[in-house]
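Can you look at this prediction? I've put the sequence above it.
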Amino acid sequence: MLPRLKKRGEFVRATNSGLHASAPGLVLQAYKRDEPADSVTPARVGFTTSKKVGNAVARNRARRRLRVLAEAVLGPKARPGLDYVLVGRTATIDRPFADLILDLERVVDQVHSGRAKPRRPRRPRGQAPAKPA
RNA sequence: UCAGGUGGUCGGGCGACCGCGCCAGGUUUUCGAACCUGGGGAGGAAAGUCCGGGCUUCACGGAAACACGGUGCCGGCUAACGGCCGGCGAGGGCGACCUCAGGGAAAGUGCCACAGAAAGCAAACCGCCUCGGAUUUGAUUCGAGGUAAGGGUGAAAGGGUGGGGUAAGAGCCCACCGCGGCGCUGGUAACAGCGCUGGCAUUGUAAACCCCACCGGAAGCAAGACCAGGUAGGAACGACCGUCGAUCCCAGCUGCAAAGCUUUCGAGCCGCGCACGGGAUGCGGCAAGCCCCGUUUUCGGGCCGUCGUUCGGGUAGGUCGCAACGAGGCAGUUGGGUAACCACUGCCCCAGAUGAAUGGUCGCCUCCCCACAAUUCCCCGUUUCGGCGGAGAAGUUUAUGGGGGACAGAACCCGGCUUACAGACCGCCUGACCGG
(Lines give C-alpha, C1' and ligand atoms only; values in the text may rest on other atoms or scores of the structure.)
Protein backbone atom coordinates (compact mmCIF):
# COMPACT_ATOMS: atom_id res chain seq x y z
CA MET A 1 0.00 0.00 0.00
CA LEU A 2 1.30 3.39 -0.95
CA PRO A 3 2.05 5.91 1.83
CA ARG A 4 -0.63 8.56 2.20
CA LEU A 5 -0.54 12.31 2.21
CA LYS A 6 -1.97 13.48 5.51
CA LYS A 7 -1.27 17.16 6.05
CA ARG A 8 -3.14 20.03 4.54
CA GLY A 9 0.07 21.71 3.49
CA GLU A 10 1.05 18.76 1.31
CA PHE A 11 -2.25 18.91 -0.53
CA VAL A 12 -2.04 22.66 -1.03
CA ARG A 13 1.47 22.31 -2.39
CA ALA A 14 0.38 19.74 -4.95
CA THR A 15 -2.56 21.91 -6.01
CA ASN A 16 -0.65 25.16 -6.32
CA SER A 17 2.74 24.01 -7.57
CA GLY A 18 2.18 20.56 -9.10
CA LEU A 19 1.32 19.32 -12.58
CA HIS A 20 -2.32 18.80 -13.50
CA ALA A 21 -3.97 16.34 -15.88
CA SER A 22 -7.67 15.60 -16.13
CA ALA A 23 -9.84 12.80 -17.47
CA PRO A 24 -13.63 12.26 -17.52
CA GLY A 25 -13.55 10.23 -14.32
CA LEU A 26 -10.88 11.99 -12.27
CA VAL A 27 -8.18 14.67 -12.03
CA LEU A 28 -4.53 13.97 -11.20
CA GLN A 29 -2.14 16.39 -9.53
CA ALA A 30 1.52 15.50 -9.11
CA TYR A 31 4.28 17.32 -7.23
CA LYS A 32 7.96 16.41 -7.25
CA ARG A 33 9.39 16.78 -3.79
CA ASP A 34 12.63 18.69 -3.31
CA GLU A 35 14.92 15.91 -2.07
CA PRO A 36 18.61 15.07 -2.52
CA ALA A 37 19.13 12.52 -5.28
CA ASP A 38 20.68 9.88 -3.01
CA SER A 39 17.78 9.70 -0.52
CA VAL A 40 14.63 9.67 -2.60
CA THR A 41 11.57 8.46 -0.62
CA PRO A 42 8.82 6.34 -2.16
CA ALA A 43 5.88 7.89 -3.97
CA ARG A 44 2.89 9.02 -1.89
CA VAL A 45 -0.75 9.42 -2.77
CA GLY A 46 -3.66 11.46 -1.45
CA PHE A 47 -7.34 11.76 -2.31
CA THR A 48 -9.58 14.78 -2.54
CA THR A 49 -13.36 14.56 -2.85
CA SER A 50 -15.02 17.89 -2.36
CA LYS A 51 -18.66 18.69 -1.68
CA LYS A 52 -19.05 19.18 -5.41
CA VAL A 53 -19.09 15.39 -5.74
CA GLY A 54 -22.13 15.00 -3.50
CA ASN A 55 -23.12 14.25 0.05
CA ALA A 56 -21.00 12.30 2.51
CA VAL A 57 -22.08 8.93 1.14
CA ALA A 58 -21.21 9.89 -2.42
CA ARG A 59 -17.87 11.34 -1.36
CA ASN A 60 -16.98 8.22 0.61
CA ARG A 61 -17.83 6.01 -2.38
CA ALA A 62 -15.80 8.14 -4.77
CA ARG A 63 -12.80 8.11 -2.46
CA ARG A 64 -12.97 4.35 -1.99
CA ARG A 65 -13.03 3.75 -5.71
CA LEU A 66 -10.09 6.11 -6.15
CA ARG A 67 -8.19 4.30 -3.44
CA VAL A 68 -8.57 0.90 -5.09
CA LEU A 69 -7.78 2.53 -8.43
CA ALA A 70 -4.54 3.98 -7.05
CA GLU A 71 -3.42 0.58 -5.79
CA ALA A 72 -4.12 -1.00 -9.17
CA VAL A 73 -2.49 1.62 -11.41
CA LEU A 74 -0.12 3.72 -9.32
CA GLY A 75 1.16 0.68 -7.43
CA PRO A 76 3.27 -0.46 -10.39
CA LYS A 77 3.61 2.88 -12.22
CA ALA A 78 4.32 5.49 -9.51
CA ARG A 79 7.75 7.11 -9.50
CA PRO A 80 9.64 7.69 -6.24
CA GLY A 81 9.89 11.26 -5.02
CA LEU A 82 6.46 12.28 -6.30
CA ASP A 83 3.29 13.16 -4.44
CA TYR A 84 0.15 12.16 -6.37
CA VAL A 85 -3.25 13.67 -5.53
CA LEU A 86 -6.35 12.08 -7.07
CA VAL A 87 -9.35 14.40 -7.21
CA GLY A 88 -12.80 12.85 -7.46
CA ARG A 89 -15.44 14.13 -9.85
CA THR A 90 -19.16 13.46 -10.15
CA ALA A 91 -18.48 10.83 -12.80
CA THR A 92 -16.12 8.93 -10.49
CA ILE A 93 -19.11 7.28 -8.84
CA ASP A 94 -20.91 5.87 -11.91
CA ARG A 95 -18.16 5.45 -14.48
CA PRO A 96 -17.33 1.79 -15.27
CA PHE A 97 -14.24 0.67 -13.41
CA ALA A 98 -12.40 -0.41 -16.57
CA ASP A 99 -12.81 3.10 -17.98
CA LEU A 100 -11.49 4.64 -14.79
CA ILE A 101 -8.38 2.49 -15.05
CA LEU A 102 -7.80 3.72 -18.60
CA ASP A 103 -8.39 7.31 -17.42
CA LEU A 104 -5.80 7.06 -14.69
CA GLU A 105 -3.21 5.32 -16.90
CA ARG A 106 -3.57 8.09 -19.46
CA VAL A 107 -3.16 10.99 -17.01
CA VAL A 108 -0.26 9.28 -15.25
CA ASP A 109 1.52 8.96 -18.60
CA GLN A 110 0.83 12.64 -19.32
CA VAL A 111 2.39 13.65 -16.03
CA HIS A 112 5.41 11.40 -16.40
CA SER A 113 6.11 12.52 -19.96
CA GLY A 114 5.90 16.17 -18.98
CA ARG A 115 2.91 16.91 -21.20
CA ALA A 116 0.79 18.04 -18.25
CA LYS A 117 0.69 21.70 -17.35
CA PRO A 118 0.96 23.51 -14.05
CA ARG A 119 -2.22 24.97 -12.76
CA ARG A 120 -3.39 28.23 -14.27
CA PRO A 121 -2.84 30.80 -11.51
CA ARG A 122 -6.11 32.02 -10.15
CA ARG A 123 -6.58 35.61 -9.16
CA PRO A 124 -7.78 36.17 -5.61
CA ARG A 125 -11.45 36.76 -5.16
CA GLY A 126 -12.58 40.34 -5.41
CA GLN A 127 -9.64 41.58 -7.46
CA ALA A 128 -9.78 42.81 -11.00
CA PRO A 129 -7.90 40.76 -13.59
CA ALA A 130 -4.38 42.07 -14.15
CA LYS A 131 -4.07 43.95 -17.38
CA PRO A 132 -1.33 42.76 -19.73
CA ALA A 133 1.51 45.23 -19.84
C1' U B 1 -63.36 -8.53 -2.86
C1' C B 2 -62.74 -3.20 -2.83
C1' A B 3 -61.77 1.33 -0.12
C1' G B 4 -59.70 3.15 4.32
C1' G B 5 -57.60 3.63 9.50
C1' U B 6 -53.86 2.14 12.91
C1' G B 7 -49.62 -0.37 15.26
C1' G B 8 -45.17 -2.93 14.25
C1' U B 9 -40.95 -5.44 11.59
C1' C B 10 -37.42 -5.13 7.63
C1' G B 11 -34.50 -1.80 4.64
C1' G B 12 -31.96 -6.77 -0.93
C1' G B 13 -29.69 -12.21 -0.59
C1' C B 14 -25.64 -15.76 -1.94
C1' G B 15 -20.78 -16.70 -3.92
C1' A B 16 -15.65 -15.75 -5.89
C1' C B 17 -11.20 -12.75 -6.06
C1' C B 18 -8.55 -8.48 -4.02
C1' G B 19 -8.31 -5.05 0.19
C1' C B 20 -8.94 -1.57 4.97
C1' G B 21 -8.62 -0.16 10.08
C1' C B 22 -9.46 -2.23 15.61
C1' C B 23 -8.85 -6.01 19.57
C1' A B 24 -6.82 -10.75 21.62
C1' G B 25 -3.19 -14.69 21.30
C1' G B 26 1.30 -16.49 19.07
C1' U B 27 6.06 -16.33 16.15
C1' U B 28 10.03 -13.39 14.42
C1' U B 29 12.52 -8.80 15.32
C1' U B 30 17.43 -4.69 12.62
C1' C B 31 12.83 -2.69 18.52
C1' G B 32 10.68 1.03 13.57
C1' A B 33 7.82 -3.23 12.90
C1' A B 34 6.52 -7.69 10.03
C1' C B 35 3.79 -12.23 9.64
C1' C B 36 0.11 -16.06 11.23
C1' U B 37 -4.58 -17.46 13.70
C1' G B 38 -9.19 -15.98 15.75
C1' G B 39 -13.02 -12.26 16.94
C1' G B 40 -16.01 -8.30 16.01
C1' G B 41 -16.50 -3.55 12.26
C1' A B 42 -22.48 2.18 10.19
C1' G B 43 -28.24 3.78 10.71
C1' G B 44 -33.52 3.72 11.33
C1' A B 45 -32.87 7.77 10.83
C1' A B 46 -25.67 7.45 11.92
C1' A B 47 -28.94 13.46 9.29
C1' G B 48 -30.96 18.44 11.40
C1' U B 49 -28.37 19.94 16.07
C1' C B 50 -34.30 21.42 18.33
C1' C B 51 -34.90 19.73 23.78
C1' G B 52 -33.25 16.65 28.27
C1' G B 53 -29.06 14.33 30.91
C1' G B 54 -23.95 12.18 31.88
C1' C B 55 -18.84 14.04 31.65
C1' U B 56 -15.19 18.39 31.68
C1' U B 57 -13.56 23.39 32.77
C1' C B 58 -14.90 28.14 34.73
C1' A B 59 -17.94 31.07 38.13
C1' C B 60 -20.44 30.97 42.81
C1' G B 61 -21.27 31.17 50.89
C1' G B 62 -26.47 28.15 51.43
C1' A B 63 -29.94 30.70 49.05
C1' A B 64 -33.08 34.52 47.13
C1' A B 65 -34.42 38.46 43.77
C1' C B 66 -34.26 41.32 39.11
C1' A B 67 -33.46 40.76 33.92
C1' C B 68 -33.68 37.19 29.99
C1' G B 69 -35.25 32.53 27.92
C1' G B 70 -38.47 28.33 28.10
C1' U B 71 -42.87 25.51 29.50
C1' G B 72 -48.46 25.92 30.20
C1' C B 73 -55.95 21.04 30.67
C1' C B 74 -55.59 16.64 34.46
C1' G B 75 -53.22 12.16 36.28
C1' G B 76 -49.25 8.80 35.66
C1' C B 77 -44.22 7.04 33.63
C1' U B 78 -39.10 8.54 33.43
C1' A B 79 -32.45 10.02 35.64
C1' A B 80 -34.65 14.14 33.12
C1' C B 81 -37.40 16.50 29.23
C1' G B 82 -40.66 20.80 25.47
C1' G B 83 -40.67 13.20 25.62
C1' C B 84 -44.08 8.93 26.31
C1' C B 85 -48.83 6.65 28.15
C1' G B 86 -53.90 7.09 29.82
C1' G B 87 -57.91 10.39 30.56
C1' C B 88 -60.77 15.31 29.90
C1' G B 89 -62.37 19.33 26.70
C1' A B 90 -62.84 21.50 21.64
C1' G B 91 -62.93 20.63 16.27
C1' G B 92 -63.17 17.14 11.81
C1' G B 93 -64.82 12.23 9.72
C1' C B 94 -70.75 7.62 8.08
C1' G B 95 -66.95 4.99 10.90
C1' A B 96 -62.17 2.80 12.50
C1' C B 97 -59.77 7.17 13.85
C1' C B 98 -57.33 11.95 13.31
C1' U B 99 -56.02 17.14 14.80
C1' C B 100 -55.25 20.99 18.80
C1' A B 101 -49.02 26.46 22.37
C1' G B 102 -55.70 23.64 25.38
C1' G B 103 -53.61 28.83 32.10
C1' G B 104 -55.67 34.10 32.86
C1' A B 105 -59.63 38.90 28.78
C1' A B 106 -64.78 41.55 35.80
C1' A B 107 -55.50 43.89 37.06
C1' G B 108 -54.07 47.24 33.27
C1' U B 109 -52.50 48.97 28.15
C1' G B 110 -53.09 48.34 22.92
C1' C B 111 -55.56 46.69 18.31
C1' C B 112 -60.06 45.29 15.12
C1' A B 113 -58.81 47.32 8.01
C1' C B 114 -62.90 47.77 4.30
C1' A B 115 -68.07 48.11 4.12
C1' G B 116 -71.91 49.98 7.13
C1' A B 117 -76.46 54.79 10.07
C1' A B 118 -74.17 52.21 14.04
C1' A B 119 -68.40 47.78 16.13
C1' G B 120 -68.55 47.50 22.81
C1' C B 121 -70.71 53.86 27.09
C1' A B 122 -74.01 50.49 21.25
C1' A B 123 -76.68 52.25 17.11
C1' A B 124 -82.53 54.65 13.89
C1' C B 125 -80.10 54.40 6.92
C1' C B 126 -84.41 51.94 4.66
C1' G B 127 -88.60 50.02 6.94
C1' C B 128 -92.75 49.29 10.78
C1' C B 129 -96.22 51.83 14.35
C1' U B 130 -98.77 56.09 16.96
C1' C B 131 -100.01 61.26 17.16
C1' G B 132 -100.32 66.20 14.84
C1' G B 133 -100.21 69.48 10.37
C1' A B 134 -100.59 70.43 4.88
C1' U B 135 -102.61 69.00 -0.05
C1' U B 136 -107.79 67.06 -3.58
C1' U B 137 -110.61 60.96 -2.00
C1' G B 138 -107.08 56.98 -2.77
C1' A B 139 -102.60 58.57 -1.32
C1' U B 140 -98.32 61.73 -0.91
C1' U B 141 -95.45 64.80 2.12
C1' C B 142 -93.60 67.50 6.69
C1' G B 143 -92.90 67.41 12.03
C1' A B 144 -92.80 64.97 17.10
C1' G B 145 -92.19 60.29 19.26
C1' G B 146 -91.95 54.75 19.79
C1' U B 147 -89.49 50.40 17.84
C1' A B 148 -83.78 46.19 17.06
C1' A B 149 -89.34 41.87 14.27
C1' G B 150 -87.78 42.66 8.75
C1' G B 151 -84.15 44.75 4.68
C1' G B 152 -79.21 46.18 3.60
C1' U B 153 -73.41 46.19 5.14
C1' G B 154 -70.02 43.02 7.44
C1' A B 155 -65.79 37.87 9.82
C1' A B 156 -68.96 39.64 13.75
C1' A B 157 -75.16 43.76 14.61
C1' G B 158 -75.10 42.91 21.85
C1' G B 159 -77.96 35.30 23.36
C1' G B 160 -80.75 31.22 19.76
C1' U B 161 -85.59 28.66 18.36
C1' G B 162 -90.81 28.61 19.15
C1' G B 163 -95.06 30.72 21.49
C1' G B 164 -97.62 34.58 24.12
C1' G B 165 -97.94 39.68 24.09
C1' U B 166 -98.22 44.63 21.63
C1' A B 167 -100.17 50.44 18.08
C1' A B 168 -95.64 48.26 16.19
C1' G B 169 -92.01 45.89 18.95
C1' A B 170 -88.68 44.24 22.74
C1' G B 171 -86.26 38.54 28.12
C1' C B 172 -91.60 42.43 28.40
C1' C B 173 -93.46 37.22 29.84
C1' C B 174 -93.18 31.63 29.15
C1' A B 175 -90.88 26.67 27.39
C1' C B 176 -86.43 24.38 25.63
C1' C B 177 -81.20 25.24 24.45
C1' G B 178 -76.89 28.35 25.59
C1' C B 179 -74.35 31.50 29.44
C1' G B 180 -73.14 33.13 34.73
C1' G B 181 -73.73 31.99 40.12
C1' C B 182 -74.83 28.49 44.11
C1' G B 183 -75.66 23.55 45.82
C1' C B 184 -75.65 18.14 45.47
C1' U B 185 -73.76 13.58 43.24
C1' G B 186 -69.70 10.83 40.59
C1' G B 187 -64.38 11.17 39.73
C1' U B 188 -57.40 11.44 42.73
C1' A B 189 -58.09 15.40 39.14
C1' A B 190 -59.13 17.91 34.49
C1' C B 191 -64.28 17.51 34.17
C1' A B 192 -69.24 15.49 33.77
C1' G B 193 -74.44 14.90 35.35
C1' C B 194 -78.63 16.79 38.10
C1' G B 195 -81.28 20.64 40.80
C1' C B 196 -82.16 25.73 42.17
C1' U B 197 -81.45 30.58 40.69
C1' G B 198 -80.13 35.08 37.82
C1' G B 199 -81.04 38.03 34.08
C1' C B 200 -79.02 38.46 29.25
C1' A B 201 -75.18 41.97 32.04
C1' U B 202 -69.55 39.39 30.28
C1' U B 203 -67.54 40.95 21.68
C1' G B 204 -62.90 39.07 20.07
C1' U B 205 -57.56 39.09 20.28
C1' A B 206 -52.46 36.93 25.19
C1' A B 207 -47.78 32.36 18.39
C1' A B 208 -50.01 41.74 21.05
C1' C B 209 -47.73 43.83 25.51
C1' C B 210 -48.87 41.80 29.97
C1' C B 211 -50.37 38.83 34.64
C1' C B 212 -49.93 34.01 37.20
C1' A B 213 -47.49 29.18 38.17
C1' C B 214 -43.24 26.15 37.36
C1' C B 215 -38.11 25.35 35.26
C1' G B 216 -33.11 27.21 33.89
C1' G B 217 -25.37 29.59 36.58
C1' A B 218 -22.09 29.65 31.81
C1' A B 219 -19.49 27.28 28.00
C1' G B 220 -18.47 22.93 25.52
C1' C B 221 -14.41 16.78 23.69
C1' A B 222 -11.03 22.36 19.30
C1' A B 223 -14.25 20.52 26.92
C1' G B 224 -10.00 19.19 29.68
C1' A B 225 -4.92 16.73 31.08
C1' C B 226 0.10 15.49 29.67
C1' C B 227 4.28 15.37 26.13
C1' A B 228 7.18 16.94 21.92
C1' G B 229 8.58 20.96 18.82
C1' G B 230 8.99 26.13 18.63
C1' U B 231 11.84 32.16 14.81
C1' A B 232 7.84 35.68 18.47
C1' G B 233 5.33 34.52 26.62
C1' G B 234 5.42 39.37 19.37
C1' A B 235 5.47 44.75 17.84
C1' A B 236 4.00 50.03 17.88
C1' C B 237 1.62 54.06 20.33
C1' G B 238 -0.62 56.28 24.67
C1' A B 239 -1.57 56.55 29.97
C1' C B 240 -0.01 55.08 34.83
C1' C B 241 4.47 54.12 37.04
C1' G B 242 9.93 53.37 37.93
C1' U B 243 15.16 54.85 36.70
C1' C B 244 18.95 59.01 35.00
C1' G B 245 18.35 64.11 35.37
C1' A B 246 15.30 67.57 37.56
C1' U B 247 13.35 67.14 42.19
C1' C B 248 11.90 65.47 46.82
C1' C B 249 12.59 63.17 51.62
C1' C B 250 15.34 62.00 56.19
C1' A B 251 9.21 61.19 59.12
C1' G B 252 4.65 59.69 62.03
C1' C B 253 2.44 57.52 66.51
C1' U B 254 2.82 55.84 71.82
C1' G B 255 5.84 57.04 76.05
C1' C B 256 8.54 61.56 81.26
C1' A B 257 12.44 58.87 79.30
C1' A B 258 14.94 54.60 77.69
C1' A B 259 12.62 52.40 74.04
C1' G B 260 8.83 50.28 71.01
C1' C B 261 5.59 50.23 66.81
C1' U B 262 4.37 51.91 61.91
C1' U B 263 5.96 53.59 57.19
C1' U B 264 9.98 52.24 51.78
C1' C B 265 12.02 49.07 47.89
C1' G B 266 10.30 46.77 39.61
C1' A B 267 7.34 43.60 40.21
C1' G B 268 6.98 35.15 42.95
C1' C B 269 8.71 34.07 48.04
C1' C B 270 12.10 34.48 52.27
C1' G B 271 15.93 36.86 54.87
C1' C B 272 19.50 40.76 55.65
C1' G B 273 20.22 45.88 55.41
C1' C B 274 20.35 51.91 55.54
C1' A B 275 21.08 57.96 59.09
C1' C B 276 25.41 63.02 58.33
C1' G B 277 26.10 62.48 54.51
C1' G B 278 22.68 59.08 53.44
C1' G B 279 18.08 57.41 50.98
C1' A B 280 14.31 56.96 47.18
C1' U B 281 17.51 51.74 43.11
C1' G B 282 21.05 47.89 47.88
C1' C B 283 22.73 42.63 49.12
C1' G B 284 22.01 37.34 49.58
C1' G B 285 19.20 32.87 49.01
C1' C B 286 15.19 29.75 47.13
C1' A B 287 11.46 28.50 43.48
C1' A B 288 8.70 28.64 38.88
C1' G B 289 8.99 29.57 33.47
C1' C B 290 5.60 26.89 25.90
C1' C B 291 11.50 33.14 27.15
C1' C B 292 16.51 34.37 24.94
C1' C B 293 21.97 33.74 24.38
C1' G B 294 26.41 30.77 24.98
C1' U B 295 28.54 25.11 23.70
C1' U B 296 25.01 19.07 23.61
C1' U B 297 24.34 18.37 28.95
C1' U B 298 25.63 19.60 33.97
C1' C B 299 26.13 24.62 34.34
C1' G B 300 26.90 29.97 33.72
C1' G B 301 25.03 34.74 32.25
C1' G B 302 20.95 37.87 30.87
C1' C B 303 15.56 39.05 30.91
C1' C B 304 10.67 40.11 33.23
C1' G B 305 5.59 46.02 35.91
C1' U B 306 0.04 47.43 35.05
C1' C B 307 -3.90 49.15 31.87
C1' G B 308 -5.86 50.68 27.11
C1' U B 309 -5.83 51.16 21.69
C1' U B 310 -3.93 49.54 17.09
C1' C B 311 -1.14 46.17 13.98
C1' G B 312 0.71 41.45 13.14
C1' G B 313 3.16 36.27 13.08
C1' G B 314 2.66 31.07 13.97
C1' U B 315 -0.04 26.61 15.16
C1' A B 316 -3.81 22.88 16.21
C1' G B 317 1.87 17.05 15.85
C1' G B 318 1.45 12.83 19.50
C1' U B 319 -0.76 10.30 23.96
C1' C B 320 -4.84 10.30 27.29
C1' G B 321 -10.05 11.80 27.52
C1' C B 322 -12.10 7.28 24.03
C1' A B 323 -14.47 2.69 23.16
C1' A B 324 -16.37 1.39 28.49
C1' C B 325 -20.53 -3.08 33.55
C1' G B 326 -23.37 1.20 31.44
C1' A B 327 -30.32 5.36 32.93
C1' G B 328 -26.20 -1.21 28.44
C1' G B 329 -28.13 -5.00 24.72
C1' C B 330 -31.02 -9.60 23.56
C1' A B 331 -34.68 -13.24 25.06
C1' G B 332 -39.04 -14.72 28.30
C1' U B 333 -45.81 -19.20 27.92
C1' U B 334 -42.69 -14.99 34.14
C1' G B 335 -45.11 -11.22 37.81
C1' G B 336 -47.58 -6.02 38.52
C1' G B 337 -50.06 -2.23 35.53
C1' U B 338 -55.59 -0.37 30.64
C1' A B 339 -50.82 1.56 28.95
C1' A B 340 -46.17 4.19 29.03
C1' C B 341 -43.26 1.51 32.27
C1' C B 342 -41.39 -1.32 36.42
C1' A B 343 -39.71 -5.88 38.71
C1' C B 344 -37.62 -10.77 38.09
C1' U B 345 -34.87 -14.76 35.50
C1' G B 346 -31.30 -16.31 31.79
C1' C B 347 -27.58 -15.11 28.20
C1' C B 348 -24.09 -11.44 26.08
C1' C B 349 -19.85 -7.60 26.35
C1' C B 350 -21.23 -5.73 20.79
C1' A B 351 -17.65 -0.05 15.75
C1' G B 352 -13.76 3.20 17.44
C1' A B 353 -11.62 5.95 12.51
C1' U B 354 -8.80 11.01 12.81
C1' G B 355 -7.13 13.68 4.74
C1' A B 356 -11.07 10.06 8.79
C1' A B 357 -11.35 2.18 8.51
C1' U B 358 -16.18 -0.53 8.17
C1' G B 359 -14.83 -1.52 1.32
C1' G B 360 -13.71 -2.41 -4.39
C1' U B 361 -14.59 -5.54 -8.73
C1' C B 362 -17.36 -9.46 -10.98
C1' G B 363 -21.13 -13.36 -11.36
C1' C B 364 -25.85 -15.63 -10.03
C1' C B 365 -30.60 -15.03 -7.75
C1' U B 366 -34.70 -11.92 -6.13
C1' C B 367 -38.44 -7.56 -6.69
C1' C B 368 -40.35 -3.63 -10.03
C1' C B 369 -40.76 -1.22 -14.97
C1' C B 370 -40.28 -1.13 -20.41
C1' A B 371 -39.72 -3.34 -25.42
C1' C B 372 -40.53 -7.44 -28.69
C1' A B 373 -42.19 -12.56 -29.97
C1' A B 374 -45.23 -16.70 -28.85
C1' U B 375 -50.41 -17.14 -26.26
C1' U B 376 -55.78 -15.69 -25.54
C1' C B 377 -59.91 -12.50 -26.92
C1' C B 378 -62.59 -8.85 -29.97
C1' C B 379 -63.33 -6.00 -34.66
C1' C B 380 -62.69 -5.15 -40.14
C1' G B 381 -61.53 -7.00 -45.17
C1' U B 382 -61.10 -11.39 -48.16
C1' U B 383 -62.12 -16.63 -48.79
C1' U B 384 -61.81 -22.50 -52.27
C1' C B 385 -64.53 -22.05 -45.02
C1' G B 386 -58.67 -24.89 -43.98
C1' G B 387 -57.05 -20.01 -43.40
C1' C B 388 -54.62 -15.25 -44.83
C1' G B 389 -53.91 -9.84 -44.14
C1' G B 390 -54.74 -5.35 -41.13
C1' A B 391 -55.81 -2.86 -36.53
C1' G B 392 -56.56 -3.21 -31.20
C1' A B 393 -57.05 -5.09 -26.18
C1' A B 394 -55.66 -8.34 -22.06
C1' G B 395 -51.90 -8.65 -19.02
C1' U B 396 -52.13 -15.17 -17.36
C1' U B 397 -47.66 -18.18 -18.70
C1' U B 398 -42.76 -18.73 -21.09
C1' A B 399 -38.20 -16.97 -23.45
C1' U B 400 -34.82 -12.88 -24.80
C1' G B 401 -32.90 -7.91 -24.27
C1' G B 402 -32.59 -3.22 -21.63
C1' G B 403 -33.26 -0.16 -17.27
C1' G B 404 -34.11 0.57 -12.06
C1' G B 405 -33.81 -0.94 -6.23
C1' A B 406 -34.77 4.81 -1.85
C1' C B 407 -33.13 8.34 2.17
C1' A B 408 -28.54 8.43 3.72
C1' G B 409 -21.97 7.56 6.61
C1' A B 410 -20.66 6.90 13.55
C1' A B 411 -16.65 11.31 15.19
C1' C B 412 -17.32 11.97 23.64
C1' C B 413 -21.65 9.02 25.17
C1' C B 414 -26.91 8.20 26.32
C1' G B 415 -32.81 9.43 26.27
C1' G B 416 -36.20 11.96 23.02
C1' C B 417 -38.15 15.17 19.12
C1' U B 418 -38.14 16.73 14.03
C1' U B 419 -37.09 16.03 8.99
C1' A B 420 -35.84 12.53 4.53
C1' C B 421 -37.11 7.64 2.54
C1' A B 422 -37.86 3.05 -3.33
C1' G B 423 -40.15 -0.93 -1.73
C1' A B 424 -41.60 -5.50 1.07
C1' C B 425 -44.09 -8.12 5.05
C1' C B 426 -47.25 -8.96 9.48
C1' G B 427 -51.18 -7.98 13.28
C1' C B 428 -55.68 -5.46 14.69
C1' C B 429 -59.84 -2.39 13.37
C1' U B 430 -63.72 0.44 10.22
C1' G B 431 -67.10 1.23 5.93
C1' A B 432 -69.40 -0.73 1.35
C1' C B 433 -70.80 -5.03 -1.62
C1' C B 434 -71.59 -10.47 -2.13
C1' G B 435 -72.58 -15.36 0.19
C1' G B 436 -74.20 -18.34 4.54
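Structure received.

going forward, measure contacts and count neighbours with C-alpha atoms only.
OK.

residues of the top helix by length along chain A that come out buried?
If you go by DSSP state H, chain A has its longest helix at helix A:56-77. For helix A:56-77, the neighbour count (16 or more other CA atoms under 10 Å) marks A:Ala58, A:Arg59, A:Ala62, A:Arg63, A:Leu66, A:Arg67, A:Leu69, A:Ala70, A:Leu74 as buried.

just stretch A:84-104 next, same as before
For stretch A:84-104, the neighbour count (16+ other CA under 10 Å) marks A:84-90, A:92-93, A:100-101, A:103-104 as buried.

Restricted to helices, list these.
If you go by DSSP H, these have A:Thr92, A:Ile93, A:Leu100, A:Ile101, A:Asp103, A:Leu104 in helices.

Contact partners for the second one?
In other words, A:Ile93. Contact partners of A:Ile93, counting by CA atoms under 8 Å, 6 or more residues apart in numbering, are A:Ala58, A:Arg61, A:Ala62, A:Arg65.

Excluding sequence neighbours, find me the nearest residue to the third one.
On the basis of CA to CA, 6 or more residues apart in numbering, the spatially nearest residue to A:Ala62 that is not a chain neighbour turns out to be A:Ile93, at 5.3 Å.

Of the contacts of A:Ile93, which are in range of RNA strand B?
With the criterion set as CA under 7 Å from any atom of the strand, the members of those near RNA strand B are A:Arg61, A:Arg65.

For my notes, please list the contacts of A:Ile93 in JSON lines and give pLDDT for each entry.
Below are the contacts of A:Ile93 laid out as JSON lines (pLDDT from 0 to 100):
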{"residue": "A:Ala58", "pLDDT": "85"}
{"residue": "A:Arg61", "pLDDT": "86"}
{"residue": "A:Ala62", "pLDDT": "87"}
{"residue": "A:Arg65", "pLDDT": "88"}
